[in-house]
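Trainee: Have a look at this prediction, sequence included:
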Amino acid sequence: MSTLVNVRDLRKTYGLGSAYTEVLKGLNLTIAAGEFVAIMGPSGSGKSTLMHILGLLDRPTSGVYELDDLLVASLPEDRLAELRNLKLGFVFQAFNLLPRTSSWENVALPLVYNRNFSTAERKIAAEQALQAVGLQERYKSLPNQLSGGEQQRVAIARALVGNPQIIFADEPTGNLDTKNSMEIMQILRQLNVAGRTVILVTHEPDIAKFAHRIITMRDGSIVNDEINPHPTQ
């Protein structure tokens, strides 16, 4: 498998002087195309900061980050935004759906600035993404007409609609009960089986066990990186 993410001596610091905090401490990491990777660790371990940098939502203080062989750390903001739109999809704990907007319109949002899609094509792509997560019958529903699990499936469809190389999922089950959590993880697993690279951030061991590889962080460092021989099916 080809290397999709390559990080060398990655560091992130906040503040100056006595308020100086080193959040990431010289990380080295590679992730191949098609992997399902879980990044675990307690609050303050640096896992969400790492995901935000890998997802081009934040910049490292120093170090090298290559995304699909492209050095991205020094790229201008408009180029980073273009790469996010073309290559990456995001699923967050809070769903982040527009409350007065239908499911298909929420899903189609990442395509609004994509010149390759007309308005009609955006709607078709959104409906296909909703079908992929089993919500084709709810494409006109508003978020307040959906359960928490359904809202998260809409968010996954939104992450899928641009056909990204990588799906980043930051605590995607944090607001869900056990049943809905398992359904969301099954969807992410199926997307990975279909060829998507999935990078998951979680503090829950039962959720991390869906991944084929589990990286554990503590105090800004990677303390364990192991293959999961029996991922949850």
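Mentor: Thanks, I have it.

Trainee: any idea which residue sits dead centre in the protein?
Mentor: For the chain, the residue whose C-alpha lies nearest the mean C-alpha position (CA atoms, centre = their mean) is F168; its distance is 1.0 Å.

Trainee: From A159, how far out is that one?
Mentor: Shown here: F168 relative to A159, a distance of 8 Å by CB to CB, to the nearest Å. Just so you know, the C-beta spots here come from the backbone N, C-alpha and C atoms, and that holds for glycine as well.

Trainee: if we can go back for a sec, out of everything not next to it in sequence, what's closest to the residue nearest to the centre of the chain?
Mentor: G55 (4.7 Å; CB to CB, 6 or more residues apart in numbering).

Trainee: What is the burial count for A81?
Mentor: Around A81 sit 13 other residues, with neighbours defined as other CB atoms under 10 Å.

Trainee: what about the longest helix in the chain?
Mentor: Using DSSP state H to define each element, the chain has its longest helix at helix 178-193.

Trainee: what's the burial count for A33?
Mentor: 15.

Trainee: E22 - that's part of a strand, no?
Mentor: Yes - under DSSP: H, G, I helix; E, B strand; the rest coil, E22 falls within a strand.

Trainee: Pretty sure it sits against L10.
Mentor: No - E22 sits out of contact with L10 when judged by CB atoms under 8 Å, with a separation of 11.5 Å.

Trainee: and the gap between the residue nearest to G46 when sequence neighbours are not counted and T202?
Mentor: Here the nearest residue to G46 in space, its sequence neighbours aside, is G220; by CB to CB, 6+ apart that works out to 4.3 Å. In this structure, G220 lies at 18 Å from T202, with CB to CB as the measure.

Trainee: Residues in a beta bridge with E22, which ones?
Mentor: In this structure, E22 bridges to T13 when assessed by DSSP bridges.

Trainee: Roughly how far does it sit from R115?
Mentor: Applying CB to CB to E22 and R115 gives a distance of 41 Å.

Trainee: Those two: which is more packed in?
Mentor: Neighbour count, other CB under 10 Å: between E22 and R115, E22 has more, with 16 against 6.

Trainee: for that one, what are its contacts?
Mentor: Under the criterion of CB atoms under 8 Å, 6 or more residues apart in numbering, the contact partners of E22 comprise 11-13, 220.

Trainee: quick check, distance from the helix or strand that contains G89 to the centre of its chain.
Mentor: Remark: G89 resides in strand 88-92, with elements defined by DSSP states H and E. For strand 88-92, the separation from the chain centroid amounts to 4 Å (computed by CA atoms, centre = their mean, to the nearest Å).

Trainee: and it with helix 178-193, angle?
Mentor: Computed by axes from the mean of the first three to the mean of the last three CA atoms, to 10 degrees, the angle separating strand 88-92 from helix 178-193 equals 170 degrees.

Trainee: Send over strand 88-92 as PDB, restricted to the C-alpha atoms.
Mentor: Output for strand 88-92, consisting of C-alpha atoms alone and laid out as PDB, is shown next (Å, rounded to 0.1, in the frame of the first residue of the first chain):
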ATOM      1  CA  LEU A  88     -10.600  15.000   3.100                       C
ATOM      2  CA  GLY A  89     -13.900  14.400   4.800                       C
ATOM      3  CA  PHE A  90     -14.700  15.100   8.500                       C
ATOM      4  CA  VAL A  91     -17.000  13.700  11.100                       C
ATOM      5  CA  PHE A  92     -17.200  15.400  14.500                       C
END
